[in-house]
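coords please:
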Amino acid sequence: MSNTSDKKANRLIHTASPYLHQHAYNPVDWYPWGSEALQKAKREDKPILVSIGYSACHWCHVMERESFEKNDVAAVMNEYFVCIKVDREERPDIDQVYMEAVQALGVNGGWPLNVFITPDQKPFFGGTYFSPQTWVQVLKNINNAFIANRGKVEDTAEELRLHLLKSDVERFRQTNSSNELKTDPSLIFQNLEKRFDHHLGGMNKAPKFVMPTIWLWLLRYHSINKNESALSMVNLTLSKMARGGLYDQLAGGFARYSVDANWFAPHFEKMLYDNAQLMSLYSEAFSITKSERYKEIVYDTFHWLSNEMTSAEGGFYSALDADSEGIEGKFYCWTYSELEEVFGKETDKVAAYFQATTEGNWEHGMNILLDTHEHADDSIKSIKEKLLQARSKRIRPGLDDKILTGWNAMMIQGLTDAYKTFSDDAFLQLASKNISFLETYLIDDGKVFRTFKGKRADTEGFLEDYAFLIQAYMALYHVTFNEEWLNKSEKWCMYVLNNFYDEAEGYFHFNSNTAEQLIARKKEIMDNVIPSSNSVMALNLYRLGILLDKEDWKRISNTMVSQLISLIESEPGYMSNWGMLLAEMNSGMAEVVIVGNDVEEKRKELHTHYLPFSLTLGTKTKSTLPLLEGRESKGGETMIYVCFNKTCKLPTTRISEALEQVKHKA
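Here you go, the predicted model:
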């Protein structure tokens, strides 16, 4: 972005979003989404340009530089349109509606998303990035069409509105009156295997996104039937991702995706939500494989999170930009001469290790650092520290320091999974500090709110925020046995049922009943880089139904899954979180109850094992939780009860015996 000292700010200067602030000195007369802009459009009978992006988006920056910062382009925008800027991370509901509209027009989705809508908010044209010349022509054509062919524009807009009103549930579900969960998990596996890149890992296409729930499902499939191919697919993917440019070889943390098939050149932005899920994934993979490389990745990502992404109060920031000094990847890449400045005569050895060349292994003479070695020895750690120290003097990428409830809650899950695997209190301490932040700043007046930056924004949380918060509270209970966390999980689950649930369709709206009404109210079904909020809620209802003995919650979850089975089987790449719930339902969840003075030690020992189909409960003495009633320690010894569907096996004092009981079920 250019120097702002001599420029006049527009209305975006008064918003909290870092992304909107990036556009606050554009000559475009930007409005944030709200009544002022919407009423102006109606009053002046002007079409609205809704331009949607996020702060770490490379092509959003490019379009800003090329078009939105130019006075002549801005003049056309200001004359013909009411211009609204939206941060998709603050308002994913607006993004969902208009992204679907653009895709319905046959345009591939992406950001920046530029959508033209009528004064009553109906979309009629849109696209993603436009070059400056194309953009000005589009603006003029849209203006001409709106004036000369208003009837056709309104017809297209109405057609799109009716399309948006169709529910994804209506499109994809198959009515299953018996709510049976009949499925063959090998069919899901075969459909994933067909689309898998058996040479480079990941799904067989570029660009490659990390899609953590696919690999988490495969770990569960391997656990069910010991299919070695499933585990190999996960190991190949996790190893290749960690060796390539997708992973920051110096400071830890993964970029959002790789533009190529072999994880080499990333779009360099780092998102909190990816790294939250990857903490879980690499921790779980370690508990099966005991790979030291996986452990290194979890710890390095944790240190990156602690050092670069955590506020003093314990909130986690949203993202790091791909660009610094206006150049994508500049902060992370090295020319050969820059390596020479750090290592002198040792440069050839260092370059060989990271596969850097004098000409550069990427573009413009730059090298992306790769690490194809299984485990770093002390000398390599020293080399990385020197590089990290040299890199710390560079101009850093932009930080999106808004704090989103849902993404923070996802990281609590990641941290608790790491804590289970490695029994390191540092993970739990950071998770505990983060939940304290959320409760202090983002939960108030009987509601959960979406975002915080300096102050809490007024936007209520979406289903995503509530669902991941409920999941986080459950995760905290399982690693502490503090029943306060479970009570809060139950409380917010009841709130979601009362304020988001559509009894007619049996799924949850993305917005609460009291939220601003857009032209369509969406239900999020498909899992993507973030699992769909409906799949997370279905998992919550099922697990809480077991923990709290709520058959009606389990019944709702069962109905949600049963109507999507054919889609889970045919499109597992976009239904993998649903697939995990289906696996839990078909495998049966073990209820592992630990009671006695040594409950903490036994819980820690148990959790180092990979037990995806179990829920852990415990207390030192007694509890009112249904699954703990009547379970007591015998003669002062700490007892472990393994139960299935509330029927328990003989209690034991040994973890090894409990593990056998979990494994064999019968």
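
residue contacts, Met537?
Listed by C-beta atoms under 8 Å, 6 or more residues apart in numbering, the contact partners of Met537 are 463, 466-467, 470, 496, 508. Just so you know, the C-beta spots here come from the backbone N, C-alpha and C atoms, and that holds for glycine as well.

closest to Leu339 among these?
Nearest to Leu339 among the contacts of Met537 is Ala467, at 45.5 Å by C-beta to C-beta.

Now the lowest-mean-pLDDT helix or strand in the chain - C-alpha only, CSV.
Lowest by mean pLDDT, DSSP states H and E among the helices and strands of the chain is helix 168-172, with a mean of 85. C-alpha atoms of helix 168-172 as CSV (Å, rounded to 0.1, in the frame of the first residue of the first chain):
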residue,chain,number,x,y,z
ASP,A,168,-27.8,-26.8,0.3
VAL,A,169,-29.7,-29.3,2.5
GLU,A,170,-32.5,-29.5,-0.1
ARG,A,171,-29.9,-30.0,-2.9
PHE,A,172,-27.8,-32.7,-1.3
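
after that helix comes which helix or strand?
The first helix or strand that comes after helix 168-172 along the chain, using DSSP states H and E, is helix 185-194.

And the contacts of whichever helix or strand comes after that following helix?
Using DSSP H and E, the helix or strand that follows helix 185-194 towards the C-terminus is strand 208-209. With contact meaning C-beta under 8 Å, 6+ apart, strand 208-209 is reached by 197, 202, 256-258, 260-261, 263, 529.

ok, now stretch 285-293?
If you take C-beta under 8 Å, 6+ apart as the criterion, stretch 285-293 is touched by 215, 219, 222, 231, 234-235, 238-239, 242, 294-295, 298, 374-375, 420-422, 608-610.

Could you turn the buried ones of the residues you listed into a ChimeraX selection?
In ChimeraX, this line selects whichever of those come out buried by 16 or more other C-beta atoms under 10 Å:
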select :215,219,222,231,234,235,238,239,242,294,295,298,420,421,422,609,610
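
Strands - which of the contacts of strand 208-209 land there?
Judged by DSSP state E, these include 257-258 as members of strands.

now the contacts of strand 208-209 as a markdown table including pLDDT?
Converted to a markdown table, those look like this (pLDDT from 0 to 100):
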| residue | pLDDT |
| --- | --- |
| Asp197 | 97 |
| Gly202 | 97 |
| Arg256 | 94 |
| Tyr257 | 95 |
| Ser258 | 96 |
| Asp260 | 96 |
| Ala261 | 95 |
| Trp263 | 97 |
| Val529 | 95 |
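
Please check the contacts of strand 208-209 and keep the buried ones.
197, 202, 256-258, 261, 263.

about what we covered before: nearest to Trp362 among the contacts of Met537?
Among the contacts of Met537, Ala467 lies closest to Trp362 (C-beta to C-beta), at 38.7 Å.

Would you quantify the distance from the closest one to Leu160?
Noted for Ala467: a distance of 28 Å to Leu160, by C-beta to C-beta, to the nearest Å.

And the two? Which one has more around it.
Neighbours were counted for Ala467 and for Leu160 using other C-beta atoms under 10 Å; Ala467 has more, 31 against 24.
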